[in-house]
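> Compute the structure for the input listed below.
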Amino acid sequence: MNGHSIHGDFHQTPSLITVSAITEDTTGLEDSLRKHLRGNEVCIMLPCLWRDMHGPAMANIIAQHKAMTYSVSRLIILQQANFEQFQEAYRMWAEVPNVTILWKESDRVQRVIAKMENAGIYTGTQGKGQAVWLGSGYVVGAGESDIVALHDCDIVTFHKDMMTRLILPLTLRAQALEFSKAYFCRVKDRKLMGRVCTKFIVPLVTALLEREQFNRDEFLRFLSELRYPLSGEFAMKASLLARLRIPAGYDLEIRSLHEIFKKTSPGQRVQVDLGYNYDHHHQELKGANDSGPIGLEKMSMDIARALIQILRERGHTFSVDELISIIPDYEREAQDTIFKLHTVAQCNNLETDWNKEEDSVETFVRALNRLVRKGEVGINDSGKTQRTWNRIISEHGDTYLQALVDAVNADKAKYFA
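Purely as a prediction, here's the structure:
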């Protein structure tokens, strides 16, 4: 299941353009991208924990970047690493052109972060959201990129064509597209994957849209039209990236989508089939530590909390009892989804573990009940997000942007000295 997933699906929806993978001529796609990239500089951001550098995906990711035939720069945002590991990361990527590493733990970067915090600028907490925000600051500050793409560093099945397909729509000048979001097939060990997306967020959005008070909400409609709303891979114009408030937690994707929805029009958005099966690190479904649930149970709580807060920000009013009444509707939709996906699996010679699928739904129901019934929804907390880089520039000039760029470049110069 690691080859192309070619779809003859031309169905379009009101909120965005959908580009299916209907050709295997990826050489032609690369040729087209090289042609349309003229005058456009592209940076690919790779948020990366040190453990990812020696994970099962990294050797192939490096090989695929080395094989790219079009010119891009690469910004690796490295977290949880010491100086020796920072040096090793540069050595690992030595044969790939145009690589810069933003080492978050470096003394220089940490001093910039401390200065921003002292100035009252929230810089986030350890995680992908902070990595994306810092990386965005470097890209905006350097001012050398017109298009910014991102992919995770745990994609075992990563292929360079994924980036080709994702970036290409933004280079088509006649379309004036601003944002490109990935979707893909996820199959592993002959089973359909993507539990939080397929059995949580999609049926939850469906259940909300069935309610009269929500069925006209355009953001929920937008979410319902996305093939894989929680995908982490995207590309966008650098000018849009500078205007985004980037969340810090598991709600990164859902809150970022709301930002994208507010700051773009339907004709500026596209979702792109990457054309390959997508396999990455899988989290445990459930568990707990001293601070509460972990794994996908915590992720589902954070996503639901964010979605509820977004709906309130959008002017919807509802009581705790009304939220509780949605949970059975969600559970019904999720159970229906299991049945539908079982049909998909059977028709593709895949397997379904009914017990595990139902356990997933039970876990997500428990997460919703804990969130709503125990008052953990944070109704009056809109969630912490870092400021947009445009706002920081308007309030402080380019002081912090330039300091971040200088810190990263000084670390790079120290390595190559």
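> Could you list the low-confidence segments of this protein?
Of all residues in the chain, those with pLDDT under 70 make up the ranges 1-8, 249-250, 280-294, 375-384, 417.
> one more time with 50, if that's ok
1-2, 290, 379-382 (pLDDT under 50).
> how about the strands in it?
According to DSSP state E, the chain carries its strands in the segments 17-19, 42-49, 73-79, 99-103, 147-150, 179-185, 187-188, 191-192, 234-237, 269-277, 288-289, 292-293.
> Let me see the ranges of the helices in the stretch 301-417 of the chain.
320-346, 354-373, 389-396, 399-416 (DSSP state H, counting those that start in this stretch).
> same for the first one, what does it pack against?
When contacts are defined as 3 or more Cβ pairs under 8 Å, 6 or more residues apart in numbering; DSSP states H and E, helix 320-346 sits against strand 191-192, helix 202-209, helix 354-373. Just so you know, the C-beta spots here come from the backbone N, C-alpha and C atoms, and that holds for glycine as well.
> Need the winner for burial among those.
Among the helices and strands packed on helix 320-346, judged by mean count of other Cβ atoms under 10 Å, the one packed with the most neighbours on average is helix 202-209 (a mean of 21).
> Can you spell out which helices and strands pack onto that one?
Using 3+ Cβ pairs under 8 Å, 6+ apart, the elements in contact with helix 202-209 are helix 218-225, helix 295-313, helix 320-346.
> Just tell me which of those ends up closest to residue 97.
Across the helices and strands packed on helix 202-209, the minimum distance to residue 97, taken as Cβ to Cβ, is reached by helix 295-313, at 35.6 Å.
> Could you list the buried residues of the closest one?
Within helix 295-313, the residues that qualify as buried by neighbour count (16 or more other Cβ atoms under 10 Å) are 296-311.
> starting at the chain centroid, how far to that helix?
Between the centre of helix 295-313 and the centre of its chain there are 15 Å (Cα atoms, centre = their mean, to the nearest Å).
> and stretch 201-218, how far from the chain's centre?
Centroid separation for stretch 201-218 versus its chain: 22 Å, with Cα atoms, centre = their mean.
> Can you check the distance spanned by it, start to finish?
With Cα to Cα, to the nearest Å applied, stretch 201-218 spans 16 Å between its terminal residues.
> Could I get the helices and strands packed on helix 202-209 in JSON lines, plus columns for distance to residue 386?
Formatted as JSON lines, the entries for the helices and strands packed on helix 202-209 read as follows, by distance: least, Cβ to Cβ, whole Å:
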{"stretch": "helix 218-225", "distance to residue 386": "21"}
{"stretch": "helix 295-313", "distance to residue 386": "15"}
{"stretch": "helix 320-346", "distance to residue 386": "28"}
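> Looking at those, which is nearest to residue 116?
Distances from residue 116 to each of the helices and strands packed on helix 202-209 were compared using Cβ to Cβ; the shortest belongs to helix 295-313, at 23.9 Å.
> and that closest one, what other elements does it pack with?
Of the remaining helices and strands, those touching helix 295-313 by 3+ Cβ pairs under 8 Å, 6+ apart are helix 195-196, helix 202-209, helix 252-263, helix 354-373.
> With distance to residue 27 as added columns, please give those helices in CSV.
Supplementary listing: the helices and strands packed on helix 295-313 in CSV, determined by distance: least, Cβ to Cβ, whole Å:
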stretch, distance to residue 27
helix 195-196, 35
helix 202-209, 35
helix 252-263, 31
helix 354-373, 39
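> So which residues make contact with stretch 27-40?
23, 69-71, 146-147, 161, 164-165, 167-168, 171-173 (Cβ atoms under 8 Å, 6 or more residues apart in numbering).
> how near is residue 312 to residue 319?
12 Å (Cβ to Cβ, to the nearest Å).
> and the closest residue to residue 268 other than its chain neighbours, what is it in contact with?
Nearest residue to residue 268, sequence neighbours excluded (Cβ to Cβ, 6 or more residues apart in numbering): residue 178, at 4.1 Å. For residue 178, the contacting residues are 170, 236, 237, 240, 264, 268, 269, taking Cβ under 8 Å, 6+ apart as the criterion.
> Compare these and tell me which is most surrounded.
residue 170 (28 neighbours; other Cβ atoms under 10 Å).
> I'd say it and residue 177 touch.
Yes - applying Cβ atoms under 8 Å as the test, residue 170 and residue 177 come out as touching, 5.3 Å apart.
> Now residue 184. Nearest residue, chain neighbours left out?
residue 278 (4.0 Å).
> do residue 228 as well
In space, residue 228 is closest to residue 183, 3.9 Å off (Cβ to Cβ, 6+ apart).
> Distance of that neighbour relative to residue 172?
19 Å.
> now residue 77
For residue 77, the distance to residue 172 equals 28 Å [Cβ to Cβ].
> Show the contacting residues for residue 409.
Applying Cβ under 8 Å, 6+ apart to residue 409 gives the contacts residue 100.
> List phi and psi for residue 245.
Here is the backbone geometry of residue 245 (degrees, to the nearest 10): phi -90, psi 120.
> start to end distance for stretch 17-35?
22 Å.
> in that stretch, what's buried?
For stretch 17-35, burial by neighbour count (16+ other Cβ under 10 Å) applies to 17, 18, 19, 20, 21, 26, 29, 30, 32, 33.
> wait, residue 109 sits on residue 102?
Yes - with contact defined as Cβ under 8 Å, residue 109 reaches residue 102; the gap is 6.9 Å.
> more crowded one of those two?
Legend: neighbour count by other Cβ under 10 Å for residue 109 and residue 102, higher for residue 102 (28 against 20).
> what about that one, distance to residue 131?
The spacing between residue 102 and residue 131, counted by Cβ to Cβ, is 8 Å.
> list residues touching both of the two?
The overlap between the contact sets of residue 102 and residue 131 (Cβ under 8 Å, 6+ apart) consists of residue 77.
> Nice, that's everything, thank you.
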